[in-house]
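*Asks:* coordinates only, sequence not included:
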Ligand SMILES: NC(=O)C[C@H](N)C(=O)O
């Protein structure tokens, strides 16, 4: 063989992990409604070597932090021998799994989550296009270093900010400030653009994911019903508070009396929690009472961060520092 002969480029290797969701669902034969049954087939990627795995097949409302930990372990195992990883997942809790992986995984190859809003027997079945887009994104040279990504309807989201914004629409995902990239196809050729450079991020290595963290949802007229019981049985609380992180006055003494970490997120769909109001229950008084602002994380992502930090054995003060410095 001549010495300058270049070996043939090897086929890209993609790990495709199925976990269930509508992308794997069909109407069940007994007429009970949609249930996960058959994982989708990846269309039109002949030159790619695909390894498939199905650690479980769940509707995503059945996902738990334990499943997320199992998925993270499987991705760690597959990543060294693959160029990219795609995870198919139900859309209801997809953002939670994406964020848990974001916090726990430091693999070098891109990890991309996708799902579908319509099932395989519907006319507008969006599974194949989302899966193909996700595979292209996972194997694209500009994708590494961005943490786990979510690809739906051609939009590429990061795990920190993505959220499900519609219960039925095909473009069901959004979040503030929006997609970090976009994938389209010119004929069969993918065209991918990112709108920003990758950023460094902190990862965590919890020894367990069993901490009990509960979410309480604030509303006008809440006088703290359910708070004492939740604070008693949980290891930490997250409150989906009002506006910039404010609560009715009755919550202030309850938070003052809680030793366990209490994180204040907002039920408002965009923007940070900021301790600016000084009336009883205003954000400034809650922080003074020891509550931890969730920055721009929604309540369910703040819950996962708190659960992971508790599982790593961090103290209340260390947890506060992670939230304060946006170390996620
Ligand atoms: N579109 C979907 O995947 C919704 C479904 N309920 C799930 O999350 O499993």
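*Replies:* Here it is on my side, so go on. Quantities reported herein were computed from a predicted structural model and do not represent experimental measurements. Numbering: from 1, shown residues only.

*Asks:* need the three-state assignment for the residue of the chain found nearest the ligand.
*Replies:* Nearest residue of the chain to the ligand: residue 90, at 2.2 Å (Cβ to the nearest ligand atom). Where C-beta positions appear, they are placed from N, C-alpha and C, glycine not excepted. Look at residue 90: counting by DSSP: H, G, I helix; E, B strand; the rest coil, its state is coil.

*Asks:* and for residue 51, nearest residue in space, chain neighbours not counted?
*Replies:* residue 15 (5.1 Å; Cβ to Cβ, 6 or more residues apart in numbering).

*Asks:* should've said residue 18
*Replies:* In space, and not counting its chain neighbours, residue 18 is closest to residue 39: 3.7 Å by Cβ to Cβ, 6+ apart.

*Asks:* rewinding a little: ok, now which ones touch the residue nearest to residue 51?
*Replies:* Applying Cβ atoms under 8 Å, 6 or more residues apart in numbering to residue 15 gives the contacts 50, 51, 53, 75, 78, 79, 82, 84, 85, 86.

*Asks:* kindly report the same for residue 86.
*Replies:* For residue 86, the contact set (Cβ under 8 Å, 6+ apart) comprises 14, 15, 16, 17, 111, 112, 113, 114, 131, 134, 135, 138.

*Asks:* would you turn those into a markdown table with secondary structure?
*Replies:* Shown next, in a markdown table, are the contacts of residue 86 (three-state DSSP):
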| residue | secondary structure |
| --- | --- |
| 14 | strand |
| 15 | strand |
| 16 | strand |
| 17 | strand |
| 111 | strand |
| 112 | strand |
| 113 | strand |
| 114 | strand |
| 131 | helix |
| 134 | helix |
| 135 | helix |
| 138 | helix |
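
*Asks:* taking the residues you listed, please make a ChimeraX selection of just the buried ones.
*Replies:* Restricted to buried positions by 16 or more other Cβ atoms under 10 Å, the ChimeraX selection for the contacts of residue 86 reads:
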select :14,15,16,17,111,112,113,114,131,134,135,138
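
*Asks:* tell me, how many residues neighbour the nearest residue to residue 194 once chain neighbours are set aside?
*Replies:* In space, and not counting its chain neighbours, residue 194 is closest to residue 181: 4.1 Å by Cβ to Cβ, 6+ apart. Residue 181: 21 surrounding residues under other Cβ atoms under 10 Å.

*Asks:* wait, residue 181 sits on residue 195?
*Replies:* Yes - Residue 181 is in contact with residue 195 according to Cβ atoms under 8 Å; the separation is 6.1 Å.

*Asks:* which among the contacts of residue 15 end up buried?
*Replies:* Neighbour-count burial (16+ other Cβ under 10 Å) applied to the contacts of residue 15 gives 50, 53, 75, 78, 79, 82, 84, 85, 86.

*Asks:* which one of those is nearest residue 94?
*Replies:* Checking those against residue 94 with Cβ to Cβ, the nearest one is residue 86 at 12.7 Å.

*Asks:* quick one: which helix or strand includes the closest one?
*Replies:* Assigned by DSSP states H and E, residue 86 falls within strand 84-88.

*Asks:* on that earlier part again, quick check: the residue nearest to residue 51 vs residue 103, distance?
*Replies:* Counting by Cβ to Cβ, to the nearest Å, the gap from residue 15 to residue 103 is 20 Å.

*Asks:* so where do the helices sit in the stretch 201-328 of the chain?
*Replies:* Secondary structure of the stretch 201-328 of the chain (DSSP state H, counting those that start in this stretch): helices at 227-233, 251-256, 283-288, 299-311, 316-324.

*Asks:* run through who's touching the second one.
*Replies:* For helix 251-256, contacts defined as Cβ under 8 Å, 6+ apart pick out 218, 222, 224, 227-228, 231, 239, 247, 262, 280-281, 285-286, 289-291.

*Asks:* tell me where the stretch 1-150 of the chain has helices.
*Replies:* Counting by DSSP H, counting those that start in this stretch, the helices of the stretch 1-150 of the chain are 65-78, 94-104, 127-139.

*Asks:* and these: which comes nearest residue 315?
*Replies:* It's helix 94-104; of the helices of the stretch 1-150 of the chain, that one is closest to residue 315 (Cβ to Cβ) at 18.0 Å.

*Asks:* who are the packing partners of the closest one?
*Replies:* The helices and strands touching helix 94-104, judged by 3 or more Cβ pairs under 8 Å, 6 or more residues apart in numbering; DSSP states H and E, are helix 65-78, strand 111-114, strand 149-152, strand 163-164, helix 299-311.
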